[in-house]
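**Student:** Make a model of this:
(one chain, ligands or ions: 1)
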Amino acid sequence: MDKIKNITIVGGGTAGWISAALLVKVLGKTHNITLIESAAIGTIGVGEATIPPITHLNNALGIDEKTFLKATQGTMKLGIEFENWSTQGSKYMHAFGGVGKNLPFCDFHHAYLRAKALGENRFFGDFSLNYQAAKQNKFAKLPNITGTNLPGIVYAYHFDASLYAKLLSEYSQGRGVKRIEGKVVDVTQEQVTGNITELTLENGERISGDLFIDCSGLRGLLIEQTLKTGYEDWGHWLPCDRAVAIPCESPTPIAPYTRSVAKDAGWCWHIPLQHRMGNGMVYSSAHMSDEQAENTLRESLPGKALADPNFIKFKTGRRLKQWNNNVVAIGLSSGFLEPLESTSIHLIQMGVIRLLKCFPHHGIKSCEVDEYNRQSKMEFENIRDFIILHYKANQRDDSAFWQHCQRMEVPPSLARKIDLFEQTGKVFREQDDLFTEVAWQQVLLGQGITPHDTHPMASTLSDEQLTDLMDNLDTLIQRSVAQMSDHEEFLEKL
Ligand code: FAD
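**Tutor:** So this is what the prediction gives:
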């Protein structure tokens with residue numbers, strides 16, 4: 001194939017506009033970038049919580065935090081609190097950032113578990129600066145816990161995704177991206193290679209391209225409907241296949257964290273924004289009807305509903321090739337992992353960055369496409385395992401859904417990880433795994449898995465030293481939190 005000069009993006013949701021913005025920022029005017037979107041089809045209308053690398057995306061685009069938060073009605077996110085996931089009434093947080101203080105070659109949780117065996121009754125999360133700030137509705141940009149070199153606040157955002165897409169649309173068009181409003185009704189392919197050459201819109205207009213980015217959402221207009229790439233269905237590991245969303249009035253104070261509350265056959269999300277709260281229920285249609293899900297969600301709304309319910313069907317899994325021929329699928333067209341750990345927007349960001357790293361300036365080479373697909377597969381599988389862990393390691397005996405999750409087989413990569421943690425307390429980060437060891441520790445412990453053993457280094461501390469370590473950390477963390485602003489005050493100051 002010849003040089004890539006014309007890039008055509010189909011879809012103007014979060015995926016389409018992040019792709020357009022990053023591509024135009026990096027490639028500048030060397031390429032012609034066109035984005036087609038259809039107001040008649042619209043976007044999925046959900047997707048409001050993110051994880052810390054989103055800050056790198058805005059930095060790379062040169063969008064400052066103040067502009068971003070104002071334009072998107074954004075708030076700060078310190079982690080996700082999981083309620084009722086282990087047992088009814090249980091709570092823990094997957095907080096971003098560090099927990100406690102590691103010993104040489106030995107993670108902090110080993111010392112914590114030893115202290116616990118000796119009578120320590122604080123929770124693991126009591127030694128997380130992020131968790132303690134979140135629970136007290138505090139926020140500050142703190143690189144370290146005050147007076148120490150221990151990691152400080154690590155944050156992401158909650159925001160209105162449609163406003164973010166609008167911001168990025170203005171950003172991209174201002175830098176030369178051509179936007180076309182219209183519905184693609186026909187796709188032309190080259191006979192021999194199968195490469196896509198042209199898209200036809202409802203009004204008859206034809207748009208050609210050398211490289212196509214499929215951001216058309218769950219339908220996968222180019223990657224699946226045209227190229228028949230195939231899909232790996234992970235529904236046997238992640239049984240939820242529906243969601244219903246209803247935004248409501250935002251309660252005050254505006255919390256700096258997401259809530260995920262487990263229900264009989266799924267879970268509800270509550271995402272605080274400045275102007276409203278995003279809520280939804282993710283559920284298994286085999287265990288709960290749409291009506292039951294809507295009622296469950298309505299009962300848990302913390303304010304007056306602001307819109308009719310938005311029902312969404314999905315199939316968890318991934319496209320077998322995220323890059324096929326001259327089509328790269330970004331966003332929901334590339335696969336879907338349910339939003340339990342807020343990873344979809346991150347996957348969009350990583351997909352575009354990966355494309356830029358493998359950009360086929362001199363034509364598409366199969367070795368580059370293979371490498372792109374290999375990395376994308378690994379990334380999806382690592383996140384998949386982390387999400388399955390929340391379901392598998394539940395201790396609930398009050399519903400058929402949760403018992404089904406306890407009994408289900410999990411991927412060998414996850415089974416190995418759980419087994420190692422259970423027997424030794426050890427957990428290792430896979431190469432390029434998005435989630436750090438401390439993220440895994442929080443969820444493994446939070447879901448109620450107690451290791452049978454701890455690292456010998458934790459036993460080198462005397463009982464007194466252990467108590468001092470826990471008390472000192474607690475004091476340092478509380479002192480740092482006390483110096484922070486209220487979250488709302490922080491937003492107002494911005
Ligand atoms: P869409 O938003 O569906 O956009 C598709 C675009 O393609 C639209 O512009 C549409 O008009 C256009 N299009 C389609 N067909 C045509 C055609 N024929 N012609 C022209 N244009 C066309 N992610 C997170 O990171 N955090 C979250 O908290 C989160 N929560 C979620 C909750 C749920 C229940 C679901 C289902 C997803 C969630 N996600 C979340 C994922 C997130 O919503 C998506 O990753 C993100 O919105 C990107 O979607 P998209 O742009 O790929 O698709």
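
**Student:** If you average the pLDDT over the helix or strand containing N382, what comes out?
**Tutor:** Take DSSP states H and E as the rule and N382 turns out to sit in helix 366-392. Mean per-residue pLDDT for helix 366-392: 97.

**Student:** buried set for the helix or strand that it is followed by?
**Tutor:** Counting by DSSP H and E, the next helix or strand C-terminal to helix 366-392 is helix 400-407. Buried residues in helix 400-407, counted by 16 or more other C-beta atoms under 10 Å: 401-402, 405. The C-beta positions use only the backbone N, C-alpha and C, and glycine is treated the same way.

**Student:** For the ligand, state which of those is nearest.
**Tutor:** F401 (17.5 Å; C-beta to the nearest ligand atom).

**Student:** Go ahead and confirm that closest one touches D264.
**Tutor:** Yes - at 6.3 Å, F401 counts as touching D264 under the criterion of C-beta atoms under 8 Å.

**Student:** intersection of neighbour lists for these two?
**Tutor:** Residues touching both F401 and D264 by C-beta atoms under 8 Å, 6 or more residues apart in numbering: 287-288.

**Student:** give me phi/psi at the closest residue to P302 other than its chain neighbours?
**Tutor:** Spatially, and ignoring its direct neighbours in sequence, P302 is nearest to P251 (4.7 Å; C-beta to C-beta, 6 or more residues apart in numbering). P251 adopts backbone torsions of phi -70, psi 160, taken as degrees, to the nearest 10.

**Student:** likewise the one 5 residues further on?
**Tutor:** When quoted as degrees, to the nearest 10, the phi and psi of P256 stand at phi -90, psi 40.

**Student:** how close does the closest residue to the ligand within the stretch 301-450 of the chain sit to A161?
**Tutor:** Nearest to the ligand in the stretch 301-450 of the chain, going by C-beta to the nearest ligand atom, is G331, at a distance of 2.5 Å. G331 is 11 Å from A161, where distance means C-beta to C-beta, to the nearest Å.

**Student:** now swap in R242 and tell me
**Tutor:** R242 is 20 Å from A161, where distance means C-beta to C-beta.

**Student:** Compare the two and say which one has the larger neighbour count.
**Tutor:** A161 (23 against 19; other C-beta atoms under 10 Å).

**Student:** so what's the more buried one up against?
**Tutor:** Residues near A161 by C-beta under 8 Å, 6+ apart: 13-14, 43, 46-48, 345.

**Student:** Let me see the ranges of the helices in this structure.
**Tutor:** 14-27, 54-61, 65-72, 108-117, 129-135, 161-174, 290-300, 344-357, 366-392, 400-407, 412-424, 437-446, 463-482, 487-493 (DSSP state H).

**Student:** For the fifth one, give the mean pLDDT please.
**Tutor:** For helix 129-135, the per-residue pLDDT values average out at 98.

**Student:** do the same with the second one
**Tutor:** Taken as a whole, helix 54-61 has a mean pLDDT of 97.

**Student:** what's around G174, how many residues?
**Tutor:** Applying other C-beta under 10 Å, we find 9 residues neighbouring G174.

**Student:** likewise I207?
**Tutor:** Neighbourhood size, I207 [other C-beta under 10 Å]: 18.

**Student:** Tell me how far the nearest residue to it once chain neighbours are set aside lies from Q447.
**Tutor:** Excluding the flanking residues, the one nearest I207 by C-beta to C-beta, 6+ apart is L199, at 4.9 Å. Between L199 and Q447 the computed distance is 46 Å (C-beta to C-beta).
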